[in-house]
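In: with the sequence up front, the predicted model follows.
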Amino acid sequence: QVQLVESGGGLVQAGGSLRLSCAASGRTFTSYGMGWFRQAPENEREFVAGISGGGVTFYADSVKGRFTISRDNAKNTVYLQMNSLKPEDTAAYYCAKSRLSGIVRLMGAYDSWGQGTQVTVSS
């Protein structure tokens with residue numbers, strides 16, 4: 001079992017940047033795909049970005065060109081660099097580990113989740 005802890009959320013003005021971190025402990029996550037999801041109040045949780053065990057990345061259209069996902073396997077950490085933030089990016093952001101090595105957008109493919117970190121973007 002992998003334990004995931006997110007950090008780096010906060011309040012930022014529109015146009016600003018934040019970097020989220022997801023530290024993994026327990027069973028190694030090196031071979032598995034990792035993903036970031038977000039959930040705004042009264043909305044369903046949605047896929048934001050994913051990275052395969054081999055480092056291939058994929059993004060939701062809404063964040064493409066603004067967000068960058070990366071991983072440092074030596075540190076057991078996944079990052080989400082968020083630039084040019086918009087008020088509609090406001091949500092709780094969750095890190096998750098996939099059962100698979102590739103990138104998967106479906107929540108059901110992920111078997112470990114962090115507790116979430118809040119990102120609030122003011123206009």
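Out: In hand now; what should we look at?

In: contact partners for residue 38?
Out: Going by CB atoms under 8 Å, 6 or more residues apart in numbering, residue 38 touches 45-46, 48, 89, 91-94, 119. For every residue, glycine as well, the C-beta is placed using N, CA and C.

In: and the spatially most central residue of the chain, what element?
Out: To find the centre residue of the chain, average its C-alpha atoms and take the closest one (CA atoms, centre = their mean): that gives residue 36, at 2.3 Å. For residue 36, the host element (DSSP states H and E) is strand 34-39.

In: helix or strand right after that strand?
Out: Sequence-wise, the next helix or strand downstream of strand 34-39 (DSSP H and E) is strand 46-51.

In: rewinding a little: tell me the strands beside the strand holding residue 36, with direction?
Out: strand 46-51 (antiparallel), strand 91-98 (antiparallel) (DSSP bridges).

In: closest one to residue 18 among those?
Out: Taking CB to CB, strand 91-98 is the member of these nearest to residue 18, at 9.3 Å.

In: distance between the closest one and the chain's centre?
Out: 5 Å (CA atoms, centre = their mean, to the nearest Å).

In: and if you look at stretch 75-88?
Out: Distance of stretch 75-88 from its chain centroid, counting by CA atoms, centre = their mean, is 7 Å.

In: for that stretch, which outside residues touch it?
Out: Contacts of stretch 75-88 (CB under 8 Å, 6+ apart): 12, 14-25, 28-29, 34, 36, 48-49, 51, 62-63, 66-72, 89, 93, 95, 119, 121-123.

In: buried members of the residues you listed into ChimeraX, please.
Out: Filtering the contacts of stretch 75-88 down to the buried ones (16 or more other CB atoms under 10 Å) takes a single ChimeraX command:
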select :12,18,20,21,22,24,29,34,36,48,49,51,63,67,68,69,71,89,93,95,119,121
